[in-house]
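Q: dropping the sequence and predicted coords here.
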Amino acid sequence: MNQYDVIIVGAGPGGIYSAWEMMRLDPSLKVAVFEKGHPLERRKCPIDGEKIKSCVNCKTCAIMSGFGGAGAFSDGKYNLTNDFGGTLYEYIGKKKAMELMEYVDQINTSHGGQGTKLYTTANTRFKKICLQNGLHLLDASVRHLGTDINYVVLKNLFAELENKVDFYFDTEVEHVSTDGSSYSLQTAAGTFTCRDCIISVGRSGSKWMETVCRDMDIATKSNRVDIGVRVELPAVVFSELTDELYESKIVYRTQNYEDLVRTFCMNPKGAVVAENTNGIVTVNGHSYENPDLQTNNTNFALLVAKHFTAPFKDSNGYGESIARLSNMLGGGIIVQRFGDLIRGRRSTQKRIDEGLVVPTLAASPGDLSLVLPKRIMDGLIEMIYALDKIAPGTASSDTLLYGVEVKFYNMEVSLDENLETAHKGLYIIGDGSGVTHSLSHASASGVYVARRIAAAAQ
Ligand SMILES: Cc1cc2nc3c(=O)[nH]c(=O)nc-3n(C[C@H](O)[C@H](O)[C@H](O)COP(=O)(O)OP(=O)(O)OC[C@H]3O[C@@H](n4cnc5c(N)ncnc54)[C@H](O)[C@@H]3O)c2cc1C
């Protein structure tokens, strides 16, 4: 009963699209999915803004874990590009990676996402405007499902899968081992075995992934973390860009240090949210496709990439320490007006209340300069002034900065061109592999491995 052909660990996009493709290609395969979080309909963050205002450190974070993974309540922006979102193309080639992302887009648009808009940077005039102001707009097409439609797509995929695949929710996989021909997975519900094992545990499973790699002697490397803030401003300030492109990934090289600063995860008319990864509260954002649920603000992250060289190896530890500092000072997320930051003073509730931008997240007014290293802070300020040239109003005193936003990169696991480890039949996909950092790349990696396993089973 506890024996399967394939076990997938993690029901995020990587795991879901992998299961879906495997069932399409070979419904006779006996497949199980283990997920430490809840089924989709039971995922509910207790923060209601009234009784519970900040993170209460649930056993599993409903935002990060459960069916749909970290992507379930995301803005559902599927970026179809090799320019960012992961390095899947380094393993499988650019053409294949694009084909798979387009295939995932077809699945989404035939499971509730039909009618949603595909934006593209091709031929946009903003490329030139950005270049004229020292900014570089990256190429991409983006399908914006929105948090609401993303939920519908996930619900539809689950409805198709639930009778074909065994789902074990609220069941964390604690340990993986191999006897050379099969894999044993230990959980609180017992030990399960399989011939092929796909691990797709995302960012929330990053610590666990490290232990698996250590125990099974799988090589890893890690040297990057992105640190910054989430910017929130009136939607009209960015509307020219967001109306045409929805999300623009813009990169700036700072004059002082020649560091790269970039915009990330843009949410027109969206809301800023807190997220909890392994007990550390950081900031993120999302937005809805449904106009009734939209706000008057747009938010996006501004991130500075930090690469470390020997002897320092723990780039995520560095990011966590900065996030912990903000949690210590603010009890969670800190919010500061740009004008207060420039004037060298903390924001207070009174100053925020008097400002023109109404915050969409209840965060503690404070001073981000006490949290972020000067070099990072200087880069963020430079970029805000650079963005002000293409979207006047960005550098307004009332623009809100929430901190900190940290983009942790899972350590990169040593994999071959099949996304297989040195252990035959053990695949590591999605964000947990360090190869992908986005919905589309994670999903594409799931489809890729599913096809290989289904073909081998024929
Ligand atoms: C608020 C938010 C907004 C985002 N918005 C976007 C966006 O608009 N566009 C975009 O491209 N990306 C976005 N992202 C990132 C995107 O969600 C991830 O890149 C994507 O979900 C990665 O998919 P994954 O399957 O690799 O991992 P995940 O989605 O993280 O799923 C991994 C799953 O594995 C489970 N798990 C972990 N460890 C174990 C274990 N030991 N046993 C069992 N289960 C385990 C977790 O509970 C989780 O459900 C956003 C992320 C967040 C948090």
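A: Here it is on my side, so go on. Numbers count the residues shown, from 1 in each chain.

Q: let me know the secondary structure of the residue lying closest to residue 70 once chain neighbours are set aside.
A: Nearest non-adjacent residue to residue 70, counting by C-beta to C-beta, 6 or more residues apart in numbering: residue 64, 4.9 Å away. Every C-beta, even on glycine, is put in place using the N, C-alpha and C of the backbone. Recorded secondary structure, residue 64: coil (DSSP: H, G, I helix; E, B strand; the rest coil).

Q: give me the phi and psi for residue 64.
A: phi -100, psi -30 (degrees, to the nearest 10).

Q: got the contact list for it?
A: 37, 70, 202-204, 275-277 (C-beta atoms under 8 Å, 6 or more residues apart in numbering).

Q: give me the distance between it and the ligand.
A: Distance, residue 64 to the ligand, using C-beta to the nearest ligand atom, to the nearest Å: 6 Å.

Q: and that residue, what pLDDT?
A: Looking at residue 64, its pLDDT is 91.

Q: and for residue 1?
A: Reported pLDDT for residue 1: 69.

Q: leaving out sequence neighbours, find the closest residue to residue 161.
A: Using C-beta to C-beta, 6+ apart, the nearest residue to residue 161 is residue 19, at 5.8 Å.

Q: doesn't that neighbour lie inside a helix?
A: Yes: counting by three-state DSSP, residue 19 falls inside a helix.

Q: residue in the stretch 51-200 of the chain nearest to the ligand?
A: Residue nearest to the ligand within the stretch 51-200 of the chain: residue 69 (2.2 Å; C-beta to the nearest ligand atom).

Q: residue contacts, that residue?
A: By C-beta under 8 Å, 6+ apart, the neighbours of residue 69 are 10-16, 202, 430, 442.

Q: which SS class is residue 14?
A: Applying three-state DSSP: residue 14 is helix.

Q: would you check how far apart the nearest residue to it once chain neighbours are set aside and the ligand are?
A: Distances taken as C-beta to C-beta, 6+ apart place residue 430 nearest to residue 14, at 2.8 Å, with adjacent residues excluded. Using C-beta to the nearest ligand atom, one gets 2 Å for the distance from residue 430 to the ligand.

Q: touching, residue 430 and residue 445? I think so.
A: Yes: under the criterion of C-beta atoms under 8 Å, residue 430 lies in contact with residue 445, with a separation of 5.8 Å.

Q: more neighbours: the two, which one.
A: Using other C-beta atoms under 10 Å as the criterion, residue 430 and residue 445 rank with residue 430 on top: 40 against 32.

Q: is it true that residue 336 lies in a helix?
A: No: under three-state DSSP, residue 336 sits outside any helix and is assigned strand.

Q: give me the beta-bridge partners of it?
A: residue 401 (DSSP bridges).

Q: strand partners (parallel or antiparallel) of the helix or strand containing residue 275?
A: Assigned by DSSP states H and E, residue 275 belongs to strand 271-277. Taking DSSP bridges as the criterion, strand 271-277 forms sheet pairs with strand 280-286 (antiparallel).
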